[in-house]
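In: this one's structure only:
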């Protein structure tokens, strides 16, 4: 099946810093999403971004589908940004949802005050 | 609020027991997806139902089963529970705008602890 690799696995930053999280995937995708899992375990959908660039406040994401990677940018980090960031993909051959999402192992981000 | 409702939020049970987790998808969504998040396996897809029919299976154990009812809510049944089944179980629903799919949204999960 499709492989999803995220880097770095862990990241500790001071409040106000910027960060870039990377997601590499091994095959063409129909769907790519970035999620934030907060300390209470909730999975929050940040971006649906199978290709192109999107921005939402201090967060932005870019997916270069032809090169099979996606980047999540977090600017001016706040302590509430702490948690685990997951990239998840749906392979193109699945026909739209039949195989579910394949998740990476995540990037554990800690923002210190 | 994702619109996907899961109950209960927490469940503690003993080994060998059986439990049922419940999910109501977003209003109008015909698909329901179940995922398991454990410390050693990470987040993995278990099973998908579409309009009452099983559509795809992932890494779901034979001791686990699911179904989707006519009102579109779904139940995940876990039996002969083992310590290793302790995990966070998520339900997800598709996000559609007309004919276009915009990915998946997740419920808040059920945290199962097997003791």
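Out: That came through, no problem. Keep in mind it's a predicted model, so treat the numbers as computed, not measured. Numbering: from 1, shown residues only, chains lettered A, B, ... in the order given.

In: report pLDDT for residue 61.
Out: Using chain A. Note for residue A:61: predicted pLDDT of 98.

In: try chain B instead
Out: 95.

In: from residue B:114, how far out is it?
Out: 13 Å (Cβ to Cβ, to the nearest Å). Quick note: C-beta positions are derived from backbone N, CA and C, even for glycine.

In: ditto for residue A:24
Out: Counting by Cβ to Cβ - residue A:24 and residue B:114 are separated by 35 Å.

In: so between these two, which is more surrounded?
Out: Legend: neighbour count by other Cβ atoms under 10 Å in any protein chain shown for residue A:24 and residue B:114, higher for residue B:114 (19 against 15).

In: hang on, the more buried one packs against residue B:13?
Out: Yes: between residue B:114 and residue B:13 there is a contact under Cβ atoms under 8 Å: 6.0 Å.

In: quick one: residues contacting the residue lying closest to residue B:106 once chain neighbours are set aside.
Out: Nearest non-adjacent residue to residue B:106, counting by Cβ to Cβ, 6 or more residues apart in numbering or on different chains: residue A:43, 4.2 Å away. Taking Cβ atoms under 8 Å, 6 or more residues apart in numbering or on different chains as the criterion, residue A:43 is in contact with A:35-37, A:86, B:90, B:106, B:109.

In: put together TSV for these, with neighbour count and pLDDT on each row.
Out: Below are these laid out as TSV (neighbours: other Cβ atoms under 10 Å in any protein chain shown; pLDDT from 0 to 100):
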residue	neighbour count	pLDDT
A:35	24	97
A:36	21	97
A:37	20	97
A:86	26	98
B:90	25	98
B:106	23	95
B:109	23	97
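
In: which of these lies closest to residue A:113?
Out: Distances from residue A:113 to the contacts of residue A:43, taken as Cβ to Cβ, are shortest for residue A:36 (18.8 Å).

In: contacting residues around the closest one?
Out: Counted by Cβ under 8 Å, 6+ apart, residue A:36 has contacts A:43-44, A:46, A:81, A:83-86.

In: thinking again about what came up before, so which of the contacts of residue A:43 are in strands?
Out: Among the contacts of residue A:43, the residues falling in strands (DSSP state E) are A:35-37, A:86, B:90, B:106.

In: which two of the residues you listed have the greatest separation?
Out: The widest separation within the ones in strands among the contacts of residue A:43 (Cβ to Cβ) is 14.1 Å, between A:36 and B:90.
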